[in-house]
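Colleague: Please find the sequence and the predicted model below.
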Amino acid sequence: MARYETAIEATGLEATPAPAGLERPLWRRALGGLGWFCARKPLGALGGALVLVLLLMALLGPGLEVGPLQVPRLAPYHYNEYDIARAHRERFQPPSLEHPMGTDQRGRDVLSRLLYGARISVAIGLGAFVIATAISTTLTLVSAYYVRSVDLLLQRVIEMVNFVPDLLVIGAIFAIKGATPLTLALTLGVLGGLNTGRVLRAEVIRVRAQPYVDASRAMGASDGRIIFRHILPNVMFWIIVSATNSVSVAIVAEANLAVLGFGLDPSLPTWGNMLDESREHVRQAPHLAIFPGLMVAMTIFGFRLLGDALRDVLDPRLHGARLRP
Amino acid sequence: MTDYLVRRLILLVVTLLGGSALLFFAMRLLPPRDAIDLQVPPQTPNAEETKEALRRQLGLDGPLYRQYLDWLKGFFTGDWGKSLHSHRPILQELKDRIPVSFELGIIGLFFTWVISMLLGIVSALHQDRPLDYVLRTLAYALDAVPPLLLGVLLLTYLAVNFSWAPPPTFSYFWDDPVRHMKIMLLPTLVIGVTSAGNLVRFTRTFLLEVLRQDYIRTARAKGLSEGVVLVRHALRNVAIPFITVLGATVPTLLTSSVIIENLFNLPGMGRYTFQALINLDYPVFVTTTTFYALVILTSQLVTDLAYTWVDPRVSYARGTP
C-alpha cells in the first residue's frame, strides 16, 4: 500500500479527498444505510420489522436473567399455568382483555404459550443455521470448484444422505435419540447444510464459468485465491439469504412433525404442538388453531420478505441494474 | 455430453445401491428394538421363543449382509417381499397407493402451474402498478404458508363456518367418482396453492426480462398485436426455464405428500412410508424410500442437464477449463 502512496506523491498531484460519507461515524453510516434500505425496499423493511418483533418476543417473552441483568417476563402467565379446580370454567375462552388470545383446553393463556414457543423456535432455527452454514460453505466451495474430482464423490455422499425425505430422517432420529430441541437443531443443521449446499453449488458452478475467473487463472492465481477472493464474495449473498431461511425451516419442520405425532415433548409450548392439539377442539375453539397458525405464517412471511430484499441488495449480479434509473 | 450422461447414469445406480445399503443397515442396527419386539407384547408367555420363531419365519435370522443381498435381488426381480406389520405383499400395497400419490402430485402441480402462470403474467403486465404490488404481496403470503398450516386452517374454517368436512373414509375414483373428488379437492388445492408463491415471482421476473429483449421489440415493430407478441414470442421463452424450476419442486412435493396424506387421511405412498417408520417395518420402509430416491435422483439429473440448456456457458464436457 505504502508503495502506491509514495508513487502518488511523486506525481505531485493532490490526493483525492475521501468521499463525504466515509467521514461520518460508523453508527451514522449504519443508520444511513438502514434508511436507504427502508426507502429502497419497503417490503424488505416490513419483513425486517416482523423478524425484529419475533426476535424480541423470543428474547424477552419468557424473561431474561444474565448475571446482574434481570428483565421481567413479557408473558402475562407462565406457559403451564392453570388452576385445576377452575379449569372447566376457564378453558376455551375466546380472546378477551385478560387473555388477548383466549385460553386453551386446560385454561392456559395462549399468548403466553406463544411467547415461550417463540424462544424454542428461534433457538432451534439459529442453532441449525450455524451448523448448516459451516457445513454448506466449506463443503460446497471445495466441492463445486473441483467439479470433476471432489465434487463427483461428495455429491454421491450427499445424495445418499438425502436418500430419505428430510422429514422421515428427523422422525427416525427422534425415534432413536429422543425428541429434544437439541436433536432437532442438530439434525436440521446437518440436513440444511447439505440442502443449501445444492443451491450454493449451482451458484458456484455458474460463477466458476465467468470470464473473470478464467482471467485470474490466466494471471496465475492459486486455487485458494480464486476461491476466497473471486468466488466466495460472489456467492456470499446466498449464505446470508439462507440464514434468513433457517428459522422458517425449523418452525415448519417442528410443526410438521408435531402433526405427524412425532414432535417435540408435548409438554413444551411449541407452535407445532399447539397447532396439533388445536385439531381436537376445532369446533369449540377455532382461535386455538388460528393464533399459532398466524404466528407461523407471519414469521415465515417476515423472513422471506427480508431474505429476498437482502438478496436484491447484496447480489453482485444485480449491482449494475441498481444504478440505472 | 453423451459421455457425461452415461457417467451420471452409472453414478445414479451407484448412489441407489449405496443409499439403500446405508438405509438398510441403519434401519436394522440403530433402533434398540425391531418390528417383532413391537408386535409381541412382553407379557406373552414364552415371549422370547415366540419372537425367535417369528424372526425365523420372516427370514430375519440369517447374517445381515445376506438379508440385504436377498432384499436387493428381490427388488430387481420384482419380488418386493411382505410387510412385517400387515403381512401384505408390498407390491400389491403399492399398486393401490401409487395412483393416490400420483394423482395428488400431478393435479397439485397442475394447480400450481395454472395459478403461477396466471398471477405471474398479470403481475408482469402491470409492473409497478398497484395490482402488481398486491399480487407480489400475495405471492409472498402464499410462500409463507406451509401446506400443513393451510390444511389445518382450511379444515378449521370449513368445519366452523359450514360444518363441512371431507368424507372420513377413502374411495377410489372408479368406485365413487363424486365422493373421490370431494376427498381429493382440498389436498390437491393445498399442494397447488402452497407451491405457487415462489413460481409466481419466478414467472413475473422472467417474463419481464424476456419482454425487454430485442426480438420482442422487433415483433412489436412489425405490427403484431400485443396478445400475439405475448403468447407466441414471450411466453414460449418463459416456458423452458419454468419447466426446470417445476422439476426442482418434485422432492418438496414428495415431502409435502407425507404431511398432506397424513392430515387428510389419504391411503398414499407417503403415509405408507411413515407408518412403516413407526412400526420399524424395514422391508416396506427401505423399498418405498428407494423408490422415492429413484424419483428424486432422476429429477436432479434432469435439473443438472437443464443448467447447460438454460446457460450455454455452463459445460460438463471434458476439455473445458
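Modeller: Sure, I can see it.

Colleague: In chain A, what helix or strand scores lowest on average pLDDT?
Modeller: helix A:319-323 (a mean of 44; mean pLDDT, DSSP states H and E).

Colleague: show me the contacts for the residue of the stretch 1-150 of chain A found nearest chain B.
Modeller: Across the stretch 1-150 of chain A, the shortest distance to chain B (CB to the nearest CB) belongs to A:Leu43, at 7.2 Å. Placement of C-beta: from N, CA and C, glycine included. Neighbouring residues of A:Leu43 by CB atoms under 8 Å, 6 or more residues apart in numbering or on different chains: A:305, A:308-309, B:136-137, B:140.

Colleague: got it, and A:Ser149?
Modeller: Counting by CB under 8 Å, 6+ apart, A:Ser149 has no contacts.

Colleague: What values do phi and psi take at it?
Modeller: The phi and psi values for A:Ser149, taken as degrees, to the nearest 10, are phi -120, psi -80.

Colleague: pLDDT score assigned to it?
Modeller: For A:Ser149, the model assigns a pLDDT of 75.

Colleague: Could you pull up the residues touching B:Asp70?
Modeller: B:Gly59.

Colleague: From the contacts of A:Leu43, pick the one nearest B:Asp37.
Modeller: Minimum distance to B:Asp37 across these is 48.0 Å, recorded for B:Tyr140 (CB to CB).

Colleague: model confidence over the helix or strand the closest one falls within, on average?
Modeller: Counting by DSSP states H and E, the element that carries B:Tyr140 is helix B:130-144. In this model, helix B:130-144 has an average pLDDT of 86.

Colleague: Contacts for the helix or strand just after it next, please.
Modeller: Once the chain leaves helix B:130-144, the next helix or strand it forms, by DSSP H and E, is helix B:147-162. Here helix B:147-162 makes contact (CB under 8 Å, 6+ apart) with A:252, A:255-256, A:259, A:275, A:278-279, A:282-283, A:286, A:289-290, A:293, A:296-297, B:164-165, B:186-187, B:190-191, B:193-194, B:256, B:259-260, B:263-264.

Colleague: please redo it, this time with the cut-off set to 7 Å
Modeller: A:255-256, A:259, A:275, A:279, A:282-283, A:286, A:289, A:293, A:296-297, B:164-165, B:186, B:190-191, B:193-194, B:256, B:259-260, B:263-264 (CB atoms under 7 Å, 6 or more residues apart in numbering or on different chains).

Colleague: show me where the chain has helices.
Modeller: You didn't pick a chain, so chain A it is. Along chain A, counting by DSSP state H, helices occupy A:2-10, A:26-40, A:42-60, A:87-90, A:110-145, A:150-161, A:166-177, A:181-208, A:211-218, A:223-225, A:232-259, A:271-278, A:287-314, A:319-323.

Colleague: oops, I was thinking of chain B
Modeller: B:2-29, B:35-39, B:47-57, B:64-77, B:90-125, B:130-144, B:147-162, B:177-211, B:214-221, B:226-228, B:235-248, B:250-263, B:269-279, B:282-310.

Colleague: Which among the ones you listed is found nearest to A:Leu188?
Modeller: Of all those, helix B:250-263 sits nearest to A:Leu188, with 13.5 Å by CB to CB.

Colleague: In a markdown table: the helices of chain B, plus distance to A:Ser136.
Modeller: A markdown table is the format used below for the helices of chain B (distance: least, CB to CB, whole Å):
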| stretch | distance to A:Ser136 |
| --- | --- |
| helix B:2-29 | 20 |
| helix B:35-39 | 36 |
| helix B:47-57 | 42 |
| helix B:64-77 | 31 |
| helix B:90-125 | 27 |
| helix B:130-144 | 22 |
| helix B:147-162 | 25 |
| helix B:177-211 | 20 |
| helix B:214-221 | 38 |
| helix B:226-228 | 44 |
| helix B:235-248 | 17 |
| helix B:250-263 | 17 |
| helix B:269-279 | 26 |
| helix B:282-310 | 17 |
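
Colleague: Please identify which of the ones you listed is closest to A:Pro165.
Modeller: Of the helices of chain B, nearest to A:Pro165 by CB to CB is helix B:250-263, at 4.7 Å.

Colleague: Flag the shaky bits of the chain, pLDDT-wise.
Modeller: In the absence of a named chain, this looks at chain A. A:1-23, A:87, A:316-325 (pLDDT under 70).

Colleague: hm, I was asking about chain B
Modeller: In chain B (pLDDT under 70), the answer is B:1, B:240-241, B:243-244, B:247-248, B:255, B:307-321.

Colleague: ok, which residues in it are in contact with chain A?
Modeller: Proximity of chain B to chain A is confined to B:11, B:14-15, B:18-19, B:22-23, B:30-31, B:140-141, B:143-146, B:148-149, B:152-153, B:156, B:159-160, B:254-255, B:258-259, B:262-263, B:273-274, B:277, B:289, B:292-293, B:297, B:307, B:311, B:313-314, B:321 under the rule CB under 7 Å from any CB of the partner chain.

Colleague: Among these, the buried ones, what's the PyMOL command?
Modeller: This is the PyMOL syntax for the buried subset of the residues of chain B next to chain A, where burial follows 16 or more other CB atoms under 10 Å in any protein chain shown:
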select buried, chain B and resi 11+15+19+23+31+140+143+144+145+146+148+149+152+153+156+160+254+255+258+259+262+263+273+274+277+289+292+293+297+307+314
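
Colleague: sorry, back to before: just the buried residues of the contacts of helix B:147-162.
Modeller: Using 16+ other CB under 10 Å, the buried ones in these are A:255-256, A:259, A:275, A:282, A:286, A:289, A:293, A:296-297, B:186, B:190-191, B:193-194, B:256, B:259-260, B:263-264.

Colleague: that older thread, which two among the contacts of A:Leu43 are spaced furthest apart?
Modeller: Across those (CB to CB), the longest gap, 13.0 Å, separates A:Ala309 and B:Thr137.

Colleague: Could you check stretch B:35-50 and say which residues are buried?
Modeller: B:35-36.

Colleague: Distance across that stretch, terminal residue to terminal residue?
Modeller: End-to-end distance for stretch B:35-50, by CA to CA, to the nearest Å: 13 Å.

Colleague: So for A:Ala309 and B:Thr137, which residue has more residues nearby?
Modeller: Set side by side, A:Ala309 and B:Thr137 show more neighbours around A:Ala309, with 23 against 14, by other CB atoms under 10 Å in any protein chain shown.

Colleague: Leaving out sequence neighbours, find the closest residue to that one.
Modeller: Here the nearest residue to A:Ala309 in space, its sequence neighbours aside, is A:Gly44; by CB to CB, 6 or more residues apart in numbering or on different chains that works out to 2.2 Å.

Colleague: what about that neighbour, neighbour count?
Modeller: 20.

Colleague: contacting residues for it?
Modeller: By CB under 7 Å, 6+ apart, the neighbours of A:Gly44 are A:37, A:305-306, A:309-310.

Colleague: Let's see if you can find the most crowded of those.
Modeller: Most neighbours among the contacts of A:Gly44, by other CB under 10 Å: A:Leu305, with 27 neighbours.

Colleague: A:Ser121 versus that residue, what's the distance?
Modeller: The gap separating A:Leu305 from A:Ser121 is 18 Å, by CB to CB, to the nearest Å.

Colleague: Quick check: B:Asp304 vs A:Leu141, distance?
Modeller: Applying CB to CB, the value for B:Asp304 to A:Leu141 is 19 Å.

Colleague: So what's the residue count around the closest residue to A:Ala185 other than its chain neighbours?
Modeller: Nearest residue to A:Ala185 in three dimensions, chain neighbours excluded: A:Gly127, at 3.6 Å (CB to CB, 6+ apart). When neighbours are defined as other CB under 10 Å, A:Gly127 has 19 of them.

Colleague: From B:Ile278, how far off is the residue in the stretch 51-200 of chain A that chain B sits nearest to?
Modeller: Closest contact between the stretch 51-200 of chain A and chain B, by CB to the nearest CB, is at A:Phe163 (3.7 Å). Distance, A:Phe163 to B:Ile278, by CB to CB: 19 Å.

Colleague: If you count surrounding residues, which of the two has more?
Modeller: Neighbour totals were compared for A:Phe163 and B:Ile278, and A:Phe163 leads with 22 against 15 (other CB under 10 Å).
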